[in-house]
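**Student:** Please find the sequence and the predicted model below.
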Amino acid sequence: MKFVDEFRDRGIAQRIVKKIKEFDSFKVNLMEVCGTHTMVIFKQGLKGMLPENVNLLSGPGCPVCVTSQEDIDKVIALAKNRDVIITTFGDMVRVPGTDSSLEKEKGNGADIRVVYSPNESLRIVRENPAKKVVFLAIGFETTSPLIAASLLDARKEKIENFYIFSSHKLIPPAMEALLESKEVKIDGFICPGHVSVTIGSDAYRFIAHKYSIPCVITGFEPLDVLHSIYMLLKQIKEKRAEVEIQYFRAVRPEGNRIAQELISEVFEVSDVRWRGLGIIPKSGLRLKGEFSDLDAEKEFRPKTRKSKENPDCVCGEVLRGVKRPTQCKLYRRICTPEEPYGPCMVSSEGTCAAYYKYG
Amino acid sequence: MCLAIPARILKIEGNLAQVDMAGVKREADVRMVSNVRVGEYVLIHAGFAIEKIEEKDAEETLRLLREIA
Amino acid sequence: MQPITNMVEKIEDSAKKILLAHGSGGKLTHQLIRGFVKKFGNLPLAKLDDSAVLSFKGKLAFTTDSYVVDPIYFPGGDIGKLAVNGTVNDLAMVGARPLYLSVSAIIEEGFSLVELERIVDSMERAARAAGVEIVAGDTKVVEKGGVDKIFINTSGIGLIDSEVDISSKNAQVGDGIILSGTIGDHGIAILSAREKFDFQTKVKSDSQPLNGVVSEILEVSKKVHTLRDPTRGGLATALNEIAEQSRVGIEIEQDKIPVKEEVKGVCEMLGFDPLYIANEGKLVAFVPGRDCAKILNVMRKNRYGRDAQIIGTVVNRHRSRVVVKTSVGGERIVDMLTGEQLPRIC
C-alpha cells in the first residue's frame, strides 16, 4: 500500500532504534497522547525495541475512553426512546454505563446502528422520515469538522429529524491539564498526527513555551513513531523545547483552515467533564445557539439516575498516565474485552485493550 | 478514532470524489481539501478527505529517515 | 442462466415460490425431493429410502456444520457452495478422504424456487469438484420470518488412512507452519456484499475444497501433525487453539503472511486485522521441520495452494501463546479473537 508500506521498513527501523539507543545518558517519559498511537506502538511491538531509559506513557487521546459516565448514561437513556435511531461509531456500543450499555439496550429492542461516517447517518435520516435519528458525536478535532459538515448539509436539505449528541473534545487543553496536575513527569509529547491535520502545529506552541516541553507531531506508521522518538530525544539532549512536525506530508503549521471554519460555524467552545480528568475549561464543543434545534440533549432531555463509575476501575488514572493497566485490580482478572468494566478495555484505542490484546 | 487512510482520487463531482485505496473503491467528501485533482492522494477519515498527501513530502520524510540511520 | 427444468411441475411464473405446503410431506414435498435427487444424481439417494445405506472399512471421520451466511450470494460463491466445501474441508483437516455428505435445508416460506434451484446447482457443482456424493437430505419449510431465506446444514463422512494421525494436539516443537494462501478474502467478500458497506472491491470469497491438496501432501509425507482451516475467528484464533491444545509456543512472521492488497485496504479502512477475518478455502499445516520445503512445493503445485508460504515455527518458548514478529522487527502477542465477531459470516 502506497504511503504505508515504505513506512514499515525493517532495515530503517532497526537503524533508527540503534540511534535512539545512543541517547543513553538520561531517562525520559514520553507520552503518546493519541489512542491510535498507543495501538501502533503495541501492534508493532515498538516498546520492546526501545531501550529501558525511554519510557512510553499512554495519554487521554481515546475519545470513547474520556467520555464521562454521565454522558454514557445519557446516551443509553436516549436509546431507550422507541422513536429514536441511534447512529454511532462502533466503539460506543459495548461501553458499560452505570446500569446498562447500548449493546444491552439493543438486546431490549433499541434501534442502534453502527456507522463509519456521519454521511451514513444522514442516509439513515433520509430513509426514516418518521423516526428521529441521533448521531453520537464523539471524537477530537479530526472528527468534529466532519460532523459540522454533515450538520450544515442537514440544514441545507431542511432535514428536521436529525440530531447530534455532542461530546466532542479538544486535545491541547487536556495536555495542559495533565501538565498542570504535575502527577507524572512528562519530558516530551508524541502529538496526534490527524488531530494536528486540523489544528496545525501552532496549537501546541504554548506547551513548548510555557512548560519547556518538546512536542513532535507524529504520523501513524511505525517508522513515524520511531522517527518522532528520535526527534524528541534529540531535542531533549540539545536542551531545546520546540514544536516539530514529523508528519509534514500531511500536517501544516496552520492546520486545515477549511476544517477549522467548519467547526467554528457550527460549534462553540465549552467547559466539559473528562473521565479521569474532571472538568477542563474550554476543552469541549457544544452546538451554537442557531443549531440548538439539532441538539439531542435539548430535544430529548435524557433522564439518568446518579452516574457511578465502578470504584475499582482505574481508567481515569490510566488515561492520565499515572497507572498502567497491569496495576488495575480488575484488569484481566475481571475486566476483559468480553466483559469490560471500563471504556479503556472496550475502545479500539483504549490503553487496556492494547495491553490485553498485544501485551 | 484517528484512523485515516491514504487514497488516490479517481473522479471528482462537486463535493464528492471516487477514491481508490489499494484497489478498494469508495466515495469520499472532498470539501475540506481545496484544489485537489484527479491522481493526487488524500487522507480519508470517516468518509471525508481531511488533507492532501504530497508525494514529495513522503519521499522527503523517507530520505530524512534514511539519513538518520 | 439455466432454464427451470425439473424442480417442479409447470406453475405460473409469479407463483414459483416455496410454499409451506412444500414442507408438509405431501405432493409438493415429493416434487421438491425428486428435483434434488435428480440434481445430485447418485444411487443411494435415488433409492429414496429413509436412510442412505453405505459400506466401507476403516477409520471414519464424521463432521457437521450449519450455514447461515448473510447475504446468501456473495462474490466468489453462495451458501450452497460454502455448505459443501465447508464440510469437505472439515473432513480433510483430520486427514480424511471425504466421501459422502448429507444436506438439510430449512427454507423460509416465499423463498423463490429459481433461487433454490440456483443454490442446489451450486451444491452439485461443488460436490462434483470435491469428488463427494450427497446421499441424504431433508427439507423443512417454515413461516415467513422463521428463518432468513435459507439455512443449510451439511454433515459428512470420510475415511482416514491408518498411518495418518492428524490432530490439534499433535503440533511439536520444531514443526514448520505452512499457510496455503492469502487470508481475509472470505470475510471481506461477505462484507463488501452487505448493503450497509459502501465500498466496492473485487475481492472474492475463497470457498474451495482442500481435500485434493491434503491428499497430495499426505502422499509425500504421512507425518503431518496438524491441519486446520481458519474459518471464524481467522488465522489468529486457529493458531491460538493449536498452541493451547498442543501446549506449544508458536512464532510467526507478519511479512510472510500473504494478504491481498485489497483486503489490506479494506482492513485499514475499517480498522480490522486480517489475522482475525474468516477464510473458507485455506489451511494451515504443522509439519516436521525437515519436510517443510518438500510439502511447500507440493502445495504450490496445486491450484488451491499456489500462494502457500512458510509463515512460522513451533517453539519451546511461551507455550500456549502465539507471538508475531512485526513488519518493523518488533514482537508482540497474537491473542484469540475477543469481543465482537462479524455476524453471520459463514
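**Tutor:** Alright, I've got the coordinates.
**Student:** Show me where chain A has its strands.
**Tutor:** Applying DSSP state E to chain A gives strands spanning A:28-34, A:54-61, A:84-88, A:111-114, A:132-137, A:162-166, A:188-192, A:215-218, A:243-245, A:267-274, A:278-287.
**Student:** burial measure for A:D24, as a count.
**Tutor:** 12 (other C-beta atoms under 10 Å in any protein chain shown). Where C-beta positions appear, they are placed from N, C-alpha and C, glycine not excepted.
**Student:** looking at it, B:L16 is touching B:V30, isn't it?
**Tutor:** Yes: with contact defined as C-beta atoms under 8 Å, B:L16 counts as touching B:V30 (7.0 Å).
**Student:** More neighbours: those two, which one.
**Tutor:** Neighbour totals were compared for B:L16 and B:V30, and B:V30 leads with 22 against 15 (other C-beta under 10 Å).
**Student:** Give the full set of residues in contact with that one.
**Tutor:** The contact partners of B:V30, by C-beta atoms under 8 Å, 6 or more residues apart in numbering or on different chains, come to B:I9, B:I12, B:N15, B:L16, B:A17, B:V36, B:V42, B:F48, B:A49.
**Student:** now, which of those lie within strands?
**Tutor:** Residues of those located in strands (DSSP E): B:I9, B:I12, B:L16, B:A17, B:V42, B:F48, B:A49.
**Student:** what is the third one paired to in the beta sheet?
**Tutor:** Taking DSSP bridges, one finds B:E13, B:D29 as the beta-bridge partners of B:L16.
**Student:** Tell me how far it lies from A:I147.
**Tutor:** Using C-beta to C-beta, to the nearest Å, B:L16 is found at 18 Å from A:I147.
**Student:** Identify the residue spatially nearest to the residue in the stretch 151-300 of chain C positioned nearest to chain B, adjacent ones excluded.
**Tutor:** At 3.1 Å from chain B, C:G265 is the closest residue in the stretch 151-300 of chain C, using C-beta to the nearest C-beta. Spatially, and ignoring its direct neighbours in sequence, C:G265 is nearest to B:A22 (3.1 Å; C-beta to C-beta, 6 or more residues apart in numbering or on different chains).
**Student:** what about the one you found, how many neighbours?
**Tutor:** B:A22: 23 surrounding residues under other C-beta under 10 Å.
**Student:** Put the alpha carbons of stretch A:243-258 into CSV.
**Tutor:** The C-alpha trace of stretch A:243-258 is given here as CSV (Å, rounded to 0.1, in the frame of the first residue of the first chain):
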residue,chain,number,x,y,z
VAL,A,243,7.1,22.0,18.3
GLU,A,244,8.3,20.0,15.3
ILE,A,245,6.3,18.3,12.6
GLN,A,246,7.5,14.8,11.8
TYR,A,247,4.3,14.2,9.8
PHE,A,248,4.8,17.1,7.4
ARG,A,249,3.5,15.1,4.5
ALA,A,250,0.0,15.7,5.9
VAL,A,251,0.3,18.4,8.6
ARG,A,252,0.9,22.1,8.0
PRO,A,253,1.8,24.6,10.7
GLU,A,254,-1.5,26.5,10.3
GLY,A,255,-3.6,23.3,10.0
ASN,A,256,-6.6,23.0,7.7
ARG,A,257,-8.4,26.3,7.5
ILE,A,258,-11.5,24.9,5.9
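**Student:** and that stretch, which residues are buried?
**Tutor:** For stretch A:243-258, burial by neighbour count (16 or more other C-beta atoms under 10 Å in any protein chain shown) applies to A:243-252, A:255-256, A:258.
**Student:** of these, closest to C:I190?
**Tutor:** Among these, A:A250 lies closest to C:I190 (C-beta to C-beta), at 32.4 Å.
**Student:** And that closest one, its phi and psi?
**Tutor:** phi -130, psi -20 (degrees, to the nearest 10).
**Student:** That one and B:I44: what is the separation?
**Tutor:** The gap separating A:A250 from B:I44 is 12 Å, by C-beta to C-beta.
**Student:** Might you enumerate the residues of the stretch 151-300 of chain C proximal to chain A?
**Tutor:** Residues of the stretch 151-300 of chain C lying close to chain A (C-beta under 8 Å from any C-beta of the partner chain) are C:K196, C:F197, C:D198, C:D255, C:E261, C:K264, C:G265, C:E268, C:L270, C:G271.
**Student:** With pLDDT, secondary structure and neighbour count added, can I get the residues you listed in a markdown table?
**Tutor:** Supplementary listing: those in a markdown table, determined by pLDDT from 0 to 100; DSSP: H, G, I helix; E, B strand; the rest coil; neighbours: other C-beta atoms under 10 Å in any protein chain shown:
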| residue | pLDDT | secondary structure | neighbour count |
| --- | --- | --- | --- |
| C:K196 | 73 | coil | 12 |
| C:F197 | 75 | coil | 18 |
| C:D198 | 77 | coil | 14 |
| C:D255 | 96 | helix | 16 |
| C:E261 | 93 | helix | 15 |
| C:K264 | 92 | helix | 20 |
| C:G265 | 89 | helix | 25 |
| C:E268 | 85 | helix | 21 |
| C:L270 | 82 | helix | 16 |
| C:G271 | 81 | coil | 17 |
